[in-house]
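>>> Pasting the sequence and the predicted model now:
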Amino acid sequence: MKVVANGCFGGFGLSDDAIILYGELSGTPLYPKEDSYFTHWYNVPVDQLPKEPSQDLDYSDPEWENYRKINNDASFSDSDLDRTDPILVQVVEHLGDDASGEYSQLYVVDVPSGSRWRISEYDGLENVMTVDDYDWNIAT
């Protein structure tokens, strides 16, 4: 089984090119919406997203709740992807370094069939670990 992990401090993230390719390969059109910090991706055209409620409303107002729910349901987040997703693996293998987001360095690990594995993370740096990678103590 192949697993995608991040090999540098910062955190897992796909480049815009990788997100576009993921959308194409998965059959899910993805639409960008840029703000002053980064690009948000949605699975509906941006002009179909609800307009932000008036700033005069309290954030607990149901109109704000509805707006947040619709935006969350329509948004695409690469951090929600299953790291064993075959399309994600294909994107990272195909694009290589160009698949990595600004603060990531993605790589693919081939985990032997039947192995127990997990992603060990510290400050965004990830390692794919199997039980054989650990030194175990035996209780007496």
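Received, thanks.
>>> Quick check: buried residues in stretch 32-39?
Residues of stretch 32-39 classed as buried: none (neighbour count, 16 or more other CB atoms under 10 Å). (C-beta placed from N, C-alpha, C; glycine too.)
>>> Use 37 as the first number for this chain going forward.
Sure, I'll start numbering at 37, so the last one becomes stretch 68-75.
>>> what's G59 in contact with, if anything?
Shown here is G59, whose contacts under the criterion CB atoms under 8 Å, 6 or more residues apart in numbering are P65, L66, W77, F112.
>>> For the longest helix along the chain, which outside residues touch it?
The helix spanning the most residues in the chain, taking DSSP state H as the definition, is helix 98-110. Residues outside helix 98-110 that contact it (CB under 8 Å, 6+ apart) are Y78, N79, V80, L85, P86, E88, P89, L93, D94.
>>> switch to 10 Å and redo it
Identification of contacts with helix 98-110 by CB atoms under 10 Å, 6 or more residues apart in numbering yields 67, 69, 76-82, 84-90, 93-95, 97.
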